[in-house]
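Undergrad: just need the structure, nothing else, for what follows:
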Amino acid sequence: MTRPDPITSERRHLTNLAYRLLGSLADAEDVVQETYARWYALSAPARNAIEAPGAWLTTVASRICLTQLGSARVRREAYVGEWIPEPLPGRAERPDVVDPADRVTLDESVDMAFLVVLEAMTPAERVAFVLHDVYRYPFAEVAGIVGRSTAACRQLASSARRRIQASRAPVATPTARQADLVRGFKAAWEAQDIAALVGLLDPDVTATADGGGLAAAGLEPMYGGEAVARACAGILDVLPGMTFSETTVNGRPGLLSRQNGVTVTVFAFHVEGDRIKHIWAIRNPDKLRAWTAA
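TA: Numbering: from 1, shown residues only. Prediction:
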C-alpha cells in the first residue's frame, strides 16, 4: 500500500485554516497553492533541513493570509454593497462531488455568525485568535507567525475573544430548533404570510444581502421584523419562479433558492432563542461556485 505523502496530506488542514482566516474558499485555495509553490521552490537540501514540514507550511500559509487580510480591507472598501463570507454546503448536499469545500471541516468556527464577527477584527487579531483559540497553537508560535511579541499576541487574542463573546447569545439554540424555525420561515415565505414571517423573526432582526455588484441585492442591511417580512414577500412578486429548499450552510440549517434550476441565493441564519436574529443572503455568483451542482 502506498503511504500518503506527508506534505500533500497537509492540504486539508491548510484549506481549513485559510478559509477561517479569509472567509473565502476561492482565496483559501489560492493561498494553499501559493504555499505549496513556495515549498517546491526550495532546493531539495533546504526542504530536507526543515524538521517539521507541516509547521513550515502552516507558518507560510498564515503569513500569506495575514498579508491578504490587509489588502482585502482595501478591496472591500470598493466592494459593491455588503461583503459576506463565502457560504459552504454540507457534505450531504453534494455527496458525489469532490470539491475543496469537502476539505473544510464544518464546526462552530465556520458558523456564519462566527465568521461575520471575525470580519470585524484587525488582520493580526484574526490570525492570532484563529491560530490560538481555534487551532490551539501556543502563543510563542503565533508570535513567530504574526511578527509580534508573545504578550502582544495574547492581547490580540483576548481582544478578539471579547468580540466573539459579546456577539453570542447567552444560551445556544439547539440545532433541531434552528431547523424548525428555518423550515417555518420557508413555509411562511412561500405562502407570503407576512404575519407568520413576523412571528418567526426577532423584532430587531437584521437581513444582509451580498450581490457584489453581480446580482441584484440591497446595498445596506435591513432592520426590523416587519420590514424584513414585507421585503421577503415582495421578492416573490418580482421573482415568481423562485423555489426554496432546505439545506445546510456552514454547518447550520439554511435555505437555497433557485430560478430555472440555477442556484441564485444561499441563505444563512442566526437564531437566538425562538426567533431568527440575523439573515445573510449570498447572491454574488462568484461565492456560489460550491453550490452550482447542489
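
Undergrad: part of a helix, is Ile276?
TA: No. Assignment of Ile276 by DSSP: H, G, I helix; E, B strand; the rest coil gives strand, placing it outside any helix.

Undergrad: mind starting the numbering at 270 from now?
TA: That works, and once the first residue is 270, the last one we named lands at Ile545.

Undergrad: look up how far Asn553 lies from it.
TA: According to C-beta to C-beta, to the nearest Å, Ile545 stands 22 Å off from Asn553. Using the backbone N, CA and C atoms, a C-beta is placed for each residue, glycine as well.

Undergrad: more neighbours: the two, which one.
TA: Ile545 (25 against 22; other C-beta atoms under 10 Å).

Undergrad: hang on, Ile504 packs against Ala498?
TA: No. Judged on C-beta atoms under 8 Å, Ile504 makes no contact with Ala498 at a distance of 11.1 Å.

Undergrad: between these two, who's got more neighbours?
TA: Applying other C-beta under 10 Å to Ile504 and Ala498 shows that Ala498 carries more neighbours, namely 25 against 16.

Undergrad: point me to the helix or strand that includes that one.
TA: helix 494-507 (DSSP states H and E).

Undergrad: show me the strands in this protein, by range?
TA: Using DSSP state E, the strands of the chain run over residues 470-479, 491-492, 512-518, 521-528, 531-541, 544-551.

Undergrad: make CSV from the ones you listed and add distance to Thr336 to it.
TA: As requested, the strands of the chain are exported to CSV (distance: least, C-beta to C-beta, whole Å):
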stretch, distance to Thr336
strand 470-479, 24
strand 491-492, 34
strand 512-518, 29
strand 521-528, 30
strand 531-541, 28
strand 544-551, 25
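
Undergrad: adding mean pLDDT and distance to His401, write those out as a markdown table.
TA: Below are those laid out as a markdown table (pLDDT from 0 to 100; distance: least, C-beta to C-beta, whole Å):
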| stretch | mean pLDDT | distance to His401 |
| --- | --- | --- |
| strand 470-479 | 97 | 29 |
| strand 491-492 | 97 | 34 |
| strand 512-518 | 95 | 27 |
| strand 521-528 | 95 | 24 |
| strand 531-541 | 95 | 24 |
| strand 544-551 | 97 | 26 |
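
Undergrad: so which of those strands is nearest Leu338?
TA: Leu338 lies closest, by C-beta to C-beta, to one member of the strands of the chain: strand 470-479, at 18.2 Å.

Undergrad: so what's the residue count around the closest residue in space to Leu338 that isn't next to it in sequence?
TA: Spatially, and ignoring its direct neighbours in sequence, Leu338 is nearest to Pro392 (3.6 Å; C-beta to C-beta, 6 or more residues apart in numbering). Pro392 is flanked by 19 other residues according to other C-beta under 10 Å.

Undergrad: then Glu279?
TA: Glu279, neighbours per other C-beta under 10 Å, totals 22.

Undergrad: dump the residue contacts of the closest residue to Met390 other than its chain neighbours.
TA: The shortest distance from Met390 to any non-neighbouring residue, by C-beta to C-beta, 6+ apart, is to Ala429 (5.4 Å). Applying C-beta atoms under 8 Å, 6 or more residues apart in numbering to Ala429 gives the contacts Leu387, Met390, Glu394, Arg395, Ala397, Phe398, Asp402.
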